[in-house]
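# okay, predicted coordinates and the sequence, questions at the end:
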Amino acid sequence: MAASAERAGPRAAAVWTGLCQRLSVPDASARKWWQRLEASYGESQRHYHTMEHITELLSWHDWVGAKTGTGAAAAGASAAVREHLPESGPGWADPDGVLLALFFHDVVYDPRASDNEERSCGSLEDFLAEAPAAEASTSALAALAILCTKVHSTDPPGTERALPARPVPEVRSSTGAWSTAAVSELSDTALRDVAHFLDADMAILASPPPRYEEYAAQVRREYSHIGSEAFREGRAAFLGATLATGEGVFSTGAFAGLNAPARRNMEWELQALKPAGP
């Protein structure tokens, strides 16, 4: 569901404004935080994790939400992706909780760091201090979704493919924005929201080949501080391990149709990463 860079800002800004209004965020605070989001997603080290990525995710948010008149086509899916999807998604239990995760999950992104998700969660906490209408369950869902992107193969308990060996990360709040109890008491439908969000975040893997090739090049640019051989080995190890499991890339039934194109793309990239012969 590619979105042009030119469209990214206005689309995301409009959704952000509506979200802030529903959470009773003062207008001045909403504008302040939008400027912070724009600045963060516009940082020079970013090539894939930009506001365009946020806009692509917003299209998936529309599709999962099964809004009236917003099927796969209306949400912006290309014909090549659309053929693998039902016309409408399964719906969200807490669409605003997912939107919070969507906007904040990559707000801190340093390719050299290992605590981006935790720091992104900290930014979410700071924002929630200015969002008096945010329910504890909404805040907890957003925090859990952000931290689950750290390992991305984690499936929260209660989703369609739970993996107890890879538990949900512990979610702490230093400001009281959410409680441990609120996280532990999230409903099965809320946990499915997390799983659908994680699948949406990975949906780039099932893009048409030209977009996937662009994505692969963008990721390489973000890791330009790593030498070619080391990057090739690390990326190939990730792709190879994912393909070797024989499991789907996506954990939910809603996204299951994207498994085949995602595997084809990853197989292509794995071959492309192999050193050229003598």
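On my side now, so go ahead. Numbers count the residues shown, from 1 in each chain.
# do a quick rundown of the helices in the stretch 51-200 of the chain.
51-64, 79-82, 95-104, 116-128, 136-148, 180-184, 188-202 (DSSP state H, counting those that start in this stretch).
# check what pLDDT the residue nearest the centre of the chain gets.
Closest residue to the average C-alpha location of the chain: residue 201 at 3.1 Å, with CA atoms, centre = their mean. Residue 201 is assigned 95 on the pLDDT scale.
# could the helices of the stretch 51-200 of the chain go into TSV alongside distance to residue 252?
For the C-beta atoms, the positions are set from N, CA and C on the backbone; glycine is no exception. Conversion of these to TSV gives the following (distance: least, CB to CB, whole Å):
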stretch	distance to residue 252
helix 51-64	9
helix 79-82	16
helix 95-104	13
helix 116-128	21
helix 136-148	13
helix 180-184	20
helix 188-202	5
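# lowest-confidence stretch among the ones you listed?
helix 79-82 (a mean of 65).
# can you give me the domain boundaries for the chain?
5-203, 205-272 (automatic domain parsing).
# among those domains, which is the most enclosed?
Greatest average neighbour count among the domains of the chain goes to domain 5-203 (a mean of 18), per mean count of other CB atoms under 10 Å.
# tell me the gap between that domain and the middle of its chain.
6 Å (CA atoms, centre = their mean, to the nearest Å).
# residue contacts, residue 110?
Residue 110 makes contacts with 45, 116, as judged by CB atoms under 8 Å, 6 or more residues apart in numbering.
# all further residue positions should be reported with the first residue as 25.
All set: I'll call the first residue 25, so the last point we hit is now residue 134.
# distance of it from residue 243?
Counting by CB to CB, to the nearest Å, the gap from residue 134 to residue 243 is 15 Å.
# quick one on the thing from earlier: I figured the residue nearest to the centre of the chain hits residue 81, correct?
Yes - here residue 225 lies in contact with residue 81, judged by CB atoms under 8 Å, at a distance of 6.6 Å.
# list the contacts for residue 66?
Contacts of residue 66 (CB under 8 Å, 6+ apart): 74-75.
# how close does it sit to residue 86?
23 Å.
# what does residue 276 give?
From residue 276 to residue 86 the distance is 17 Å (CB to CB).
# now residue 289
From residue 289 over to residue 86 (counting by CB to CB), the distance is 23 Å.
# cool, and residue 145?
Distance from residue 145 to residue 86, by CB to CB: 25 Å.
# and what of residue 77?
Taken as CB to CB, the span from residue 77 to residue 86 is 15 Å.
# then residue 254?
Applying CB to CB to residue 254 and residue 86 gives a distance of 39 Å.
# is it true that residue 280 touches residue 274?
Yes - in this structure residue 280 lies within contact range of residue 274 using CB under 8 Å: 6.0 Å.
# in contact with residue 67, which residues?
Residue 67 touches residue 133, counting by CB under 8 Å, 6+ apart.
# find me the pLDDT at it, would you?
On the pLDDT scale, residue 67 gets 98.
# also residue 35?
87.
# same thing with residue 183?
37.
# other residues contacting stretch 153-166?
For stretch 153-166, using CB under 8 Å, 6+ apart, the contacting residues are 44, 46-50, 53, 57, 118, 120-122, 124-125, 128, 148, 152, 195, 197, 199, 201-203, 206-207, 209-210, 214, 217-218.
# now do 7 Å
When contacts are defined by CB atoms under 7 Å, 6 or more residues apart in numbering, stretch 153-166 is touched by residues 46-50, 53, 118, 120-121, 124-125, 128, 148, 152, 195, 199, 201-203, 206-207, 210, 214, 217-218.
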